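Undergrad: next input, structure requested:
(2 chains)
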2 protein chains.
Amino acid sequence: MGENNPQTPNVPFEGPACPLPLQHQDKIVLGHGSGGRMTHELIQRVFQSRLLGPELAAGDDYASLLLPSVGRNMGKLAVSTDSHVVSPLFFPGGDIGRLAVCGTVNDVAMSGGTPLFLTCGFILEEGLSVEVLDRVLASMQEAAEEAHVRFVAGDTKVVEKGKVDGLFINTTGFGWIPEGRSIHGANAKPGDVVLVSGSMGDHGMAVLSARGELGFSSVIRSDVAPLNGLIQTLLKAAPDVHVLRDPTRGGLATTLNEIALQSQVGIQIDEAAVPINPAVQSACEMLGFDPLYIANEGKLVVIVPPEEADEALRAMRQCRYGENATRIGVVTAGHPGRVIVRTLVGSTRILDMLAGEILPRIC
Amino acid sequence: MGENNPQTPNVPFEGPACPLPLQHQDKIVLGHGSGGRMTHELIQRVFQSRLLGPELAAGDDYASLLLPSVGRNMGKLAVSTDSHVVSPLFFPGGDIGRLAVCGTVNDVAMSGGTPLFLTCGFILEEGLSVEVLDRVLASMQEAAEEAHVRFVAGDTKVVEKGKVDGLFINTTGFGWIPEGRSIHGANAKPGDVVLVSGSMGDHGMAVLSARGELGFSSVIRSDVAPLNGLIQTLLKAAPDVHVLRDPTRGGLATTLNEIALQSQVGIQIDEAAVPINPAVQSACEMLGFDPLYIANEGKLVVIVPPEEADEALRAMRQCRYGENATRIGVVTAGHPGRVIVRTLVGSTRILDMLAGEILPRIC
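TA: As a prediction, this is how the structure comes out:
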């Protein structure tokens, strides 16, 4: 997309000559956050070899970006930000880098718009190995390519050993919402149908398993994935979608409660209809967790008028990240602000928002 | 600026009722980062009472923003990101909140455009007092009002005690660059004049003094301030400014080296002409620091064609943050990529980029 940006000088910022290139076995030291020669070396040798793009190479304090609106159609900017502190950095199915890209891409995509650009802010612990940083950056670039977004600005800070846990990443994302699209948590209407794009709880249980806290070996993999392709396919088939939201921290239960409150509607779901992988179900039963409160990082809640529900499901099921999309409930005029679940044994109960914290540092 | 954004529902996101409102004497706990009820309580009771704006109140995963370009003039988006890890959180003249707003506003303003929006990502340490967080948020809101920007999206994570040092903040900023404006580090030309907006080294030495590392009491205050007003006044008087940059980490010496490299020009400055507060000068002499390498957070380097230099100085001196603006040197065709300083005793020496790290966690 470099051609969008004719005024950005497209010459790499070479910086001073580095007599000793950084090696994978090297460690991050405080000087890498100084803003001086060592910071430039880290940016050139490590960051710029992974996170590609003409704005990063230009070496200015800011990126200048031509937007789809200019001189053409109308629309709005969609913006979202997330800091990522997941522990451990690597887990089955993903790592902090893939999570940082997908988490922010997905939040922007929940507008129904097209994610375009990302910024990244790194806080590194003194002593972190360059090899670990490089693996995270490679994963970020791979996820950015999959999501068709590019990095346009970045920042790196280094803090003393023990003052941060390895590596934290902030990603801020922005995209373009075409004129006339209005998808918000406040738009759910009685009679609407509630869909999910697939199984619930995989990400949270995968991170828990990577911490060795399950107490048994498991095959659970995180679902962390960019959902913007799925959403574009969905919106072509069902252009009148009312709400899109990804059920991350707090899980499906918390997300549905947020929507019920914002829209002042009731939501009724059928517990038996919520797809849950058998390994996640077993692990949750052993640990006493409810999978409806466990975080997802590649799943979508869709609230859609009933006349578009079948088309929406058909479209999602054609997509890699929506194969197991299914209908789980309806929006009601009764009990506004509440989520009611019909349990497996046929009774009903109120499904509240997550109260305390069950899995810290899940994202 | 809420009228820019007619499609965002302007109803506060009320969330669930909170039986026990958060008090100043309370501490942050892991549940405040859960994404569930306690996170909503923290956002409502603490964040939303300080960081105001219709997008934050809407409670969606993203903010949707109408831009100045749409249906009107042409232009480009300016974007910059910074993570802030300054220690201690409060120092003479400022705090991490004011720093987080001004640092990012200033980077966006270096495009010559108008900063408009900020996002904020907080990483909080378990046990942080709500009172400290609230003081930081109040300072952020005050700085945002001074800079005429507003917060449009936010995120909060909480990590276990000892896994982060109190409070880190990422701010990402967005602004608008009008059509035809092109201010870049690569634009310096031989014959241009080098100006600074005021004294060098105040921020770095103020933070050092707050750490008690000076070994003596001092009156040094940080210069942390938003520079977008100064820059707009400057550009009205001197519309052909070639380069704007704020000499933060690495100080004036590093910033001038970056520009010399990006533009492939030489820069020659006169050490006697660089304004330095006497208290900063004394502290630097006692500690063996060169003030040209000490960070600033409210100062500007301006590179301007000679015919506009006098007007540029006059305009800057009218502004609160440019009263002591002065000419410090010239851009040369000779010694491209190098900065040469004429010393106080009349000799010349090469002024290199900052090599190691002298003051970690200065921003």
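
Undergrad: where does the stretch 101-250 of chain A come near chain B, residue by residue?
TA: Taking C-beta under 8 Å from any C-beta of the partner chain as the criterion, the stretch 101-250 of chain A approaches chain B at residues A:106-108, A:110-111, A:113, A:117, A:119-123, A:152-155, A:157-160, A:162-165, A:168, A:170, A:172, A:174, A:177, A:182, A:184-186, A:245-246, A:248-250. Every C-beta, even on glycine, is put in place using the N, C-alpha and C of the backbone.

Undergrad: could you rerun that using 7 Å?
TA: Contact residues (C-beta under 7 Å from any C-beta of the partner chain) of the stretch 101-250 of chain A with chain B: A:107-108, A:110-111, A:119, A:121, A:123, A:152-155, A:157, A:159-160, A:163-165, A:168, A:170, A:172, A:177, A:182, A:184-186, A:245, A:248-250.

Undergrad: now those residues: which count as buried?
TA: Burial of those was assessed by neighbour count (16 or more other C-beta atoms under 10 Å in any protein chain shown); the buried members are A:107-108, A:110-111, A:119, A:121, A:123, A:152-155, A:157, A:159, A:163-165, A:168, A:170, A:172, A:177, A:184-186, A:245, A:248-250.

Undergrad: which ones among the residues you listed are found in strands?
TA: A:119, A:121, A:123, A:152-155, A:157, A:159, A:168, A:170, A:172, A:177, A:245 (DSSP state E).

Undergrad: what about A:Gln48, distance to chain B?
TA: To chain B, A:Gln48 is 14 Å away according to C-beta to the nearest C-beta, to the nearest Å.

Undergrad: helix or strand for that residue, which one?
TA: helix A:48-50 (DSSP states H and E).

Undergrad: and A:Arg181, that's in a helix?
TA: No. According to DSSP: H, G, I helix; E, B strand; the rest coil, A:Arg181 belongs to no helix; its state is coil.

Undergrad: from A:Gly322, how far off is it?
TA: The spacing between A:Arg181 and A:Gly322, counted by C-beta to C-beta, to the nearest Å, is 20 Å.

Undergrad: out of these two, which sits in the busier spot?
TA: Regarding A:Arg181 and A:Gly322, a neighbour count based on other C-beta atoms under 10 Å in any protein chain shown identifies A:Gly322 as having more, with 27 against 17.

Undergrad: check which helix or strand the nearest residue to that one once chain neighbours are set aside maps to.
TA: Spatial nearest neighbour of A:Gly322, excluding adjacent residues (C-beta to C-beta, 6 or more residues apart in numbering or on different chains): A:Met316 at 3.4 Å. Secondary structure from DSSP H and E places A:Met316 in helix A:306-317.

Undergrad: in that helix, what counts as buried?
TA: Along helix A:306-317, the positions that meet the burial threshold by neighbour count (16+ other C-beta under 10 Å) are A:308-309, A:312-313, A:315-316.

Undergrad: and stretch A:350-361, by the same measure?
TA: For stretch A:350-361, burial by neighbour count (16+ other C-beta under 10 Å) applies to A:351, A:353-354, A:357-361.

Undergrad: out of those, which are close to chain B?
TA: Restricting these to those adjacent to chain B (criterion: C-beta under 7 Å from any C-beta) gives A:353-354, A:357, A:360-361.

Undergrad: need the residues you listed in a markdown table (columns: secondary structure and pLDDT).
TA: Below are those laid out as a markdown table (DSSP: H, G, I helix; E, B strand; the rest coil; pLDDT from 0 to 100):
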| residue | secondary structure | pLDDT |
| --- | --- | --- |
| A:Met353 | coil | 92 |
| A:Leu354 | coil | 91 |
| A:Glu357 | coil | 83 |
| A:Pro360 | coil | 90 |
| A:Arg361 | coil | 94 |
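
Undergrad: which of those residues lies closest to chain B?
TA: Ranking these by separation from chain B, with C-beta to the nearest C-beta as the measure, puts A:Leu354 on top at 2.7 Å.

Undergrad: measure how buried the closest residue in space to that closest one that isn't next to it in sequence is and give me the count.
TA: Ranked by C-beta to C-beta, 6+ apart and with sequence neighbours excluded, the top spatial neighbour of A:Leu354 is B:Gly36, at 2.7 Å. The number of residues packed around B:Gly36, counting by other C-beta under 10 Å, is 26.

Undergrad: what sits against B:Gly36?
TA: In this structure, B:Gly36 makes contact with A:250, A:254, A:353-355, judged by C-beta atoms under 7 Å, 6 or more residues apart in numbering or on different chains.
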